[in-house]
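[1] 3D model of this:
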Amino acid sequence: MVDIIGWDVGGVHLKAAHAHDGRIVRVVQLASPLRDGLERLIAAFGEAKTLVGRADHHVVTMTGELADTFASRAEGVESLAALAARELDDAPVLLYAGPAGVVRPPDARKHAVEIASANWHVCAGLVAEKCASALFIDMGSTTTDVIPIADREVVARGYTDAQRLAAGELVYTGLVRGFVMATADRAPVAGIWTTLINENFATMADVHRILRSLPDGVDLMGTADGRAKTVTASRARLARMVGADEADLDEVAMLTLARWLAEAQLRAIVDGAMLVASAAALPTDAPVVAAGIGSGVVAEVSRRLHRACVAFDDLIDVAPDAAASAAHCAPAVSLALLAPRLLGHKSSKV
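    You can find the predicted model right below:
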């Protein structure tokens with residue numbers, strides 16, 4: 001029996017997944033915005049350890065090194081590696097370094113390029129074991145990964161964020177934290193193209209909340225104005241994006257505005273997916289594997305691509321009460337499941 005916890009240290013969330021003998025049994029996601037300093041992350045580690053239980057090994061991936069808390073990505077990788085090693089001192093800790101495998105925390109800076117923002121790579125590796133060919137799309141709170149799998153190999157053209165942005169494999173839009181002003185530059189209001197205001201008055205969480213397409217429990221961050229997470233409050237925030245008050249737009253106008261912005265977000269992902277698929281020359285029957293809190297959006301992307309859609313959690317062995325959370329936290333889950341091989345252990349489940 002082997003108990004492994006995979007950790008995904010993001011810029012605003014900490015995610016952990018506990019695999020017991022190759023089966024995901026517990027998954028947790030906690031808010032831990034690094035812009036507020038490391039204290040929130042330290043507290044999140046403590047809470048998460050209580051929730052997911054003890055393990056024989058901890059394996060960590062990260063994207064939090066991008067936070068402006070750190071002067072550089074290398075500094076971020078080194079700092080977060082040291083913090084994880086300190087907070088997870090009940091079992092050995094290793095860091096996922098993509099093609100370099102796993103490395104010890106003291107070696108983090110030497111492998112900073114491989115470690116930085118490599119959580120997509122571990123997910124793609126797991127999907128490649130389960131699907132001969134696929135387009136893996138993981139839509140999270142902030143970004144969307146679009147990764148091609150062919151002949152059971154990850155055939156992404158990029159590895160670093162800069163390379164992946166250029167290749168369409170990293171689309172900077174997310175279900176919750178995506179900025180409305182970055183999603184579109186104009187919107188139709190009362191028959192007029194209205195320029196959006198370049199202020200962070202609202203996020204895509206407001207758009208999806210208005211459309212009733214925001215899954216329960218996925219919006220863990222504060223709102224743009226610090227007010228309530230209600231449809232009424234979201235309408236007020238979104239109205240400001242077109243220089244209006246909520247009272248200026250009736251329900252139909254507000255729904256039209258929200259639908260336009262959701263469509264703009266969807267098109268950005270479809271564009272990235274079509275670019276990626278064209279480069280990889282994927283078979284026409286290669287499915288889209290959908291993960292992340294935006295799996296519902298990904299399902300619509302797959303429909304527009306004329307591809308079948310497979311849920312990430314359908315590819316893995318997971319306890320029924322952890323399935324939804326596992327789909328939302330694919331990197332932590334993938335790391336927990338792939339870790340036995342990375343650590344040199346054998347497991348019939350992975």
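
[2] which ones are touching the closest residue to residue 205 other than its chain neighbours?
    The shortest distance from residue 205 to any non-neighbouring residue, by Cβ to Cβ, 6 or more residues apart in numbering, is to residue 176 (4.3 Å). (Glycine included, C-beta is placed from N, CA and C.) With contact taken as Cβ atoms under 8 Å, 6 or more residues apart in numbering, residue 176 is in contact with 141, 142, 203, 204, 205, 208, 214, 218, 219, 220, 221, 293.

[3] and residue 176, backbone torsions?
    phi -110, psi -50 (degrees, to the nearest 10).

[4] can you pull the pLDDT of it?
    pLDDT, residue 176: 98.

[5] where's it relative to residue 271, distance?
    According to Cβ to Cβ, to the nearest Å, residue 176 stands 21 Å off from residue 271.

[6] what does stretch 79-91 rub up against?
    7, 9, 38, 41-42, 45-46, 49, 54-58, 60, 62, 64-65, 70, 93, 95, 105, 108, 115.

[7] what subset of those residues is buried?
    Buried subset of the contacts of stretch 79-91 (neighbour count, 16 or more other Cβ atoms under 10 Å): 7, 9, 41, 45, 49, 55, 57-58, 60, 62, 64-65, 70, 93, 95, 105, 108, 115.

[8] give me the contacts around stretch 119-126.
    For stretch 119-126, contacts defined as Cβ under 8 Å, 6+ apart pick out 8, 10, 61-63, 96, 98, 136, 138, 145, 147, 149, 154, 156, 159, 164, 169-170, 291, 315-316, 330-331, 334-335, 337-338.

[9] same deal with stretch 222-238?
    Contacts with stretch 222-238, where a contact means Cβ under 8 Å, 6+ apart, come from 180, 200-203, 205-207, 209-210, 219, 245-246, 249, 254, 257-258, 261.

[10] related to what we said a few turns ago, mind checking which of the contacts of stretch 79-91 are in helices?
    41, 42, 45, 46, 49, 115 (DSSP state H).

[11] farthest pair in those residues?
    Distances among those were taken as Cβ to Cβ; the most separated pair is 46 and 115, at 23.1 Å.

[12] would you map the strands across the stretch 1-150 of the chain?
    Secondary structure of the stretch 1-150 of the chain by DSSP state E, counting those that start in this stretch: the strands cover 3-9, 13-20, 23-31, 57-62, 93-96, 102-103, 134-139, 144-150.

[13] how far off centre is the second one?
    Okay, so that is strand 13-20. Relative to its parent chain, strand 13-20 has a centroid offset of 14 Å by Cα atoms, centre = their mean, to the nearest Å.

[14] can you give the strand pairings for that strand, parallel or anti for each?
    strand 3-9 (antiparallel), strand 23-31 (antiparallel) (DSSP bridges).

[15] likewise for the last one?
    According to DSSP bridges, strand 144-150 forms sheet pairs with strand 134-139 (antiparallel), strand 153-154 (antiparallel), strand 170-171 (antiparallel).

[16] buried ones in the longest helix seen in the chain?
    Ordering each helix of the chain by length in residues (DSSP H) puts helix 251-280 first. Across helix 251-280, burial judged by 16+ other Cβ under 10 Å covers 253-254, 256-258, 260-262, 264-266, 268-270, 272-277, 280.

[17] quick one: contacts of the next helix or strand after that helix?
    Helices and strands here follow DSSP states H and E; after helix 251-280, the next one along the chain is strand 288-291. Applying Cβ under 8 Å, 6+ apart, the external contacts of strand 288-291 come out as 123, 127, 131, 134-139, 273, 298-299, 301-302, 305, 307-312, 315, 327-328, 330.

[18] of those residues, which belong to helices?
    In helices, defined here by DSSP H, the members of the contacts of strand 288-291 are 123, 127, 273, 298, 299, 301, 302, 327, 328, 330.

[19] residues contacting the third one?
    This means residue 273. Residue 273 makes contact with 135, 137, 146, 168, 288, 301, 305, according to Cβ under 8 Å, 6+ apart.

[20] could you redo the last one with a cut-off of 6 Å?
    Residues in contact with residue 273 (Cβ atoms under 6 Å, 6 or more residues apart in numbering) are 146, 301.

[21] cool, and the fourth one?
    By Cβ under 6 Å, 6+ apart, the contact set of residue 298 is 137, 139, 290.

[22] so in terms of bridging, what pairs with the second one?
    Beta bridges link residue 139 to residue 144, judged by DSSP bridges.

[23] pull the number of nearby residues for residue 182.
    Neighbourhood size, residue 182 [other Cβ atoms under 10 Å]: 17.

[24] next one, pLDDT for residue 68 please.
    91.

[25] scratch that, residue 139
    Looking at residue 139, its pLDDT stands at 98.

[26] how about residue 37?
    Looking at residue 37, its pLDDT is 89.

[27] leaving out sequence neighbours, find the closest residue to it.
    Nearest non-adjacent residue to residue 37 (Cβ to Cβ, 6+ apart): residue 69, at 6.7 Å.
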